[in-house]
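Chemist: the amino acid sequence is not available; the structure is as follows:
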C-alpha cells in the first residue's frame, strides 16, 4: 500500500504518516520544504519518501503524480491535508488574500485528487481522505476565506464519493476540532480568553492530540471502513455539538 500525504512533515499530517508507517503503509510526503520533509522521513524510517512540489502551481501537479506512480508502482491512498490559514476581519481581507487561501486549500486539492483518481480508476481501488475543519461545522469569526475553503472540501467529499464509488474508490473527510500542535498551542496560550472558550464548549474538556486524528484517519482508509464513503467525521471531543 502506498499513501500520498500532503503537508505530512508536521502536525496532523505527520501524525497520520507515522500511524500509516506503523501499519506497514508506505508514505510519500508532498510539500515545498524539502529540509522539513527530509527530517520527517529520517524519523519515519524506510517506509517513507518525499517529493517536492508547490501545489499552488497547478500545472506541476500531473507530473508530480506521474513521478510518484512510476517510482512506487501505485497510489492506493491520498490524504489531502495541506492548507493555509488566514485570520482577519472580513472587511480587511483582500481579493488576493482570499484567492490565495482558496487556491491552496481548495483548488490545489481538487487538481491533485483529479490526477490521483485517474490512477485509482485504472486500479479499480483507492481511498481518498480529505481534512476539513471545525470552521466548516459552525461559524467562527475572522476566518471567512479559510471557512469557505473547508466548507467546499466537505461538499466535494460527498460529490467525489458518489462519482468515484463505481470505480471502487472511497472518499471520506475528517473535521478536526482544536488539536494540540505547536502552532495551535502557541496561538491559544497567547489568547487565554479564547483558550477558555474552546475548552468550555468541548465536552471532553481538553484539546485533541494529533495521534487521535491519525487513529481516525487510519480507520477510514482501512478495510475496517470498507462500507463507509462520503462521510465527514468530526474528531473534536464533542466541540461541534458542545454548548
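Modeler: Nice, I can see it. Computed from a prediction, not measured in an experiment: that's the story for all the values here. Numbering: from 1, shown residues only.
Chemist: the least confident helix or strand in the chain by mean pLDDT - contacts with which helices or strands?
Modeler: The least trusted helix or strand in the chain, going by mean pLDDT, DSSP states H and E, turns out to be helix 182-189, with a mean of 76. Under the contact criterion of 3 or more CB pairs under 8 Å, 6 or more residues apart in numbering; DSSP states H and E, helix 182-189 touches helix 192-200. In this view, the C-beta of every residue, glycine as well, is placed from N, C-alpha and C.
Chemist: which other helices and strands contact the helix it packs on?
Modeler: By 3+ CB pairs under 8 Å, 6+ apart, helix 192-200 packs against helix 182-189.
Chemist: what's in contact with the helix it packs on?
Modeler: For helix 182-189, contacts defined as CB atoms under 8 Å, 6 or more residues apart in numbering pick out 10-11, 178, 194-195, 198, 207.
Chemist: show me what the longest strand along the chain is packed up against.
Modeler: Longest strand of the chain, by residue count under DSSP state E: strand 169-176. Judged by 3+ CB pairs under 8 Å, 6+ apart, the packing partners of strand 169-176 are helix 108-123, strand 126-131, helix 144-164, helix 210-221, strand 232-235.
Chemist: please identify the deepest-packed of the ones you listed.
Modeler: strand 126-131 (a mean of 24; mean count of other CB atoms under 10 Å).
Chemist: so what strands line up beside the longest strand of the chain?
Modeler: strand 126-131 (parallel), strand 232-235 (parallel) (DSSP bridges).
Chemist: tell me which of these sits nearest to residue 167.
Modeler: Closest approach to residue 167 among the strands paired with strand 169-176 is made by strand 126-131 (7.7 Å; CB to CB).
Chemist: relative to helix 210-221, how tilted is the closest one?
Modeler: 150 degrees (axes from the mean of the first three to the mean of the last three CA atoms, to 10 degrees).
Chemist: strand 126-131: how far from the chain's middle?
Modeler: 8 Å (CA atoms, centre = their mean, to the nearest Å).
Chemist: mean confidence score for it?
Modeler: In this model, strand 126-131 has a mean pLDDT of 98.
Chemist: cool, thanks, talk later.
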